[in-house]
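[1] based on what follows, work out the 3D shape:
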Amino acid sequence: MSRYDFTSQRLFVDGDLAQGSELPATPEQANYLGNVLRMQPGDGVLLFNGRDGEWQARIGQRSKRAMTLVVGALVRPQQGGPDIDYLFAPLKRSRLDYMVQKATEMGVARLRPVLTRRTNAERVKTDRLKANAIEAAEQCGVLRVPLVAEPEKLSSVLASWPQERLLVFCDEDAEVRDPMAALATWRATPPRPVAVLIGPEGGFDPAEREALLAQRAVLRL
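    The predicted structure follows:
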């Protein structure tokens, strides 16, 4: 039997969740529930905010442009996840949307756009990244929505890199082509936080590769 209820509509909300509380739906949520799904007061939904777990709720008062959500019982307690940062050179819009969705589904903790010398993409819209992450979490059943950082130059990221976090550097020029074989060379006792870095479509600049390999806490694959 599935651990998740995939039949009920799931919504991400910003407010705190507790039994008996009432939260306003966003205009977009109210429109979707009321006008697209034709849901009525008393119909059930599931709510989560990335902090308080997942809760049963029902539609309360509804007007043409507004709706309240009345919180019921806790369904699932909040779950943590691996401490993984996902660093990536921004892609074109459709590919970037897909990447954010899949990273959210796989449970990364943070999404960090990194600007490299060969990054070739439109201006990074963090609001769009957050919206895609929320939509993916609503659809796939996870309770954690990754934090979305502002874009940062790779040089700045490396200059302040915390040595306790392992940086997995995905390098197209790495000698070891098998990711599992590369990971087998590294053992962490006790486990440590991890970051994965994916470069631009044109690959890393030689100077960037040199700077990456100079990091003490780096695993190249």
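
[2] who's in contact with Leu47?
    Residues near Leu47 by Cβ atoms under 8 Å, 6 or more residues apart in numbering: 10-13, 17, 23, 54-55, 57, 69, 71. In short, each C-beta sits where N, CA and C put it, glycine included.

[3] can you add neighbour count, secondary structure and pLDDT and give those residues back as a markdown table?
    Shown next, in a markdown table, are the contacts of Leu47 (neighbours: other Cβ atoms under 10 Å; DSSP: H, G, I helix; E, B strand; the rest coil; pLDDT from 0 to 100):
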| residue | neighbour count | secondary structure | pLDDT |
| --- | --- | --- | --- |
| Arg10 | 19 | strand | 96 |
| Leu11 | 20 | strand | 96 |
| Phe12 | 18 | strand | 97 |
| Val13 | 21 | coil | 97 |
| Leu17 | 20 | coil | 97 |
| Leu23 | 21 | strand | 95 |
| Glu54 | 23 | strand | 97 |
| Trp55 | 22 | strand | 97 |
| Ala57 | 27 | strand | 97 |
| Leu69 | 25 | strand | 97 |
| Val71 | 22 | strand | 97 |
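
[4] out of those residues, who's nearest Gly80?
    Set against Gly80, the nearest of these by Cβ to Cβ is Glu54 (14.1 Å).

[5] how about the contacts made by that closest one?
    Neighbours of Glu54 in contact, by Cβ under 8 Å, 6+ apart: 10, 46-48, 74-76, 143.

[6] now Arg58
    Per Cβ under 8 Å, 6+ apart, neighbours of Arg58: 41-45, 69-70, 72.

[7] how about a cut-off of 10 Å?
    39, 41-45, 68-72 (Cβ atoms under 10 Å, 6 or more residues apart in numbering).

[8] Pro162 versus Val13, what's the distance?
    32 Å (Cβ to Cβ, to the nearest Å).

[9] with Asp127 instead?
    On the measure of Cβ to Cβ, Asp127 and Pro162 end up 27 Å apart.

[10] out of the contacts of Leu47, flag the one nearest to Gly203.
    So of the contacts of Leu47, ranked by how close each gets to Gly203 (Cβ to Cβ), first place is Phe12, at 35.7 Å.

[11] adding secondary structure and distance to Lys102, write the contacts of Glu54 out as a markdown table.
    Below are the contacts of Glu54 laid out as a markdown table (DSSP: H, G, I helix; E, B strand; the rest coil; distance: Cβ to Cβ, whole Å):
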| residue | secondary structure | distance to Lys102 |
| --- | --- | --- |
| Arg10 | strand | 18 |
| Leu46 | strand | 22 |
| Leu47 | strand | 24 |
| Phe48 | strand | 19 |
| Leu74 | strand | 29 |
| Val75 | strand | 25 |
| Arg76 | strand | 22 |
| Leu143 | coil | 17 |
